[in-house]
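> Here is my input, please return the structure:
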Amino acid sequence: MQHPAVNSIGAALLLCFSAMACGAEAPEPGTYRGQGIVLHASARTPEQMAAFYSARGFPENAVKALAQTCFVTAGMRNERKETVWLELANWRFVDAAGNEVRRLKRSDWDALWDQLNLPPASRATFGWTQMPESRDMQPGEPVGGNVTVVPPDGSFTLEARFRVGHEPGGQVLQVRIPGLVCGGRGVAEGQP
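From the prediction side, this is the model:
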């Protein structure tokens, strides 16, 4: 029997991608729809993430480290007629005071996994649950995964930039999703 938190993560991702795949308007907070893209982001609780990775055989020391991190689950769909570039280097997270919230990159995780001697199977599992660092998104294509940040105090905002097309210096789309909150409260009340 799976832990309820594991089921809720899977259900949330399924609903997110189902809504995007069907072209349905996503009325829930934490969703941006405009400029030909849909982006949904929600912060997960430490309990959800601990249950998810524990159920996949991660050792206790790795589960504890994961539970001390803020996971933002994001799903995106390119509804434009041209390529949109997902590049996490162009995503910023900022707290209510405008201070940058540090994003944990794959290299940060690799260093921790080396220190904890995490088995290769667990490393692979962790890798496929993360949002790609960079990739092209063709018209109609969805992508999703987790982005991890150092847990901020209070709410924070995702500020994402996306290049369009194949030309450097081309159009750049800017998206903001405010009201994200780590620690299980999800998107703050009253935020779009």
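> Quick check: closest non-adjacent residue to Gln171.
Leaving aside its chain neighbours, Gln171 sits nearest to Val164 (4.3 Å; criterion: CB to CB, 6 or more residues apart in numbering). (C-beta placed from N, C-alpha, C; glycine too.)
> looking at it, that neighbour is touching Val84, isn't it?
Yes: at 5.7 Å, Val164 and Val84 qualify as touching, with contact defined as CB atoms under 8 Å.
> Now the common contact residues for the two.
Jointly contacting Val164 and Val84 under the rule CB atoms under 8 Å, 6 or more residues apart in numbering are Leu173.
> More neighbours: which of those two?
Comparing Val164 with Val84 by other CB atoms under 10 Å, the one with more neighbours is Val84, at 25 against 18.
> The more buried one is in contact with Arg161, isn't it?
No: assessed by CB under 8 Å, Val84 is found out of contact with Arg161, at 10.8 Å.
> ok, Asn90 touching Arg161?
Yes: if you go by CB under 8 Å, Asn90 and Arg161 touch, sitting 4.1 Å apart.
> Show me the strands in the protein, by range?
31-34, 37-43, 70-78, 84-87, 91-95, 100-101, 103-104, 134-137, 142-149, 155-164, 172-181, 186-187 (DSSP state E).
> Turn these into JSON lines, columns for mean pLDDT and distance to Arg56.
Output for the strands of the chain, formatted as JSON lines (pLDDT from 0 to 100; distance: least, CB to CB, whole Å):
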{"stretch": "strand 31-34", "mean pLDDT": "96", "distance to Arg56": "28"}
{"stretch": "strand 37-43", "mean pLDDT": "96", "distance to Arg56": "20"}
{"stretch": "strand 70-78", "mean pLDDT": "97", "distance to Arg56": "14"}
{"stretch": "strand 84-87", "mean pLDDT": "95", "distance to Arg56": "25"}
{"stretch": "strand 91-95", "mean pLDDT": "97", "distance to Arg56": "26"}
{"stretch": "strand 100-101", "mean pLDDT": "97", "distance to Arg56": "27"}
{"stretch": "strand 103-104", "mean pLDDT": "96", "distance to Arg56": "19"}
{"stretch": "strand 134-137", "mean pLDDT": "94", "distance to Arg56": "24"}
{"stretch": "strand 142-149", "mean pLDDT": "96", "distance to Arg56": "14"}
{"stretch": "strand 155-164", "mean pLDDT": "96", "distance to Arg56": "26"}
{"stretch": "strand 172-181", "mean pLDDT": "96", "distance to Arg56": "25"}
{"stretch": "strand 186-187", "mean pLDDT": "38", "distance to Arg56": "23"}
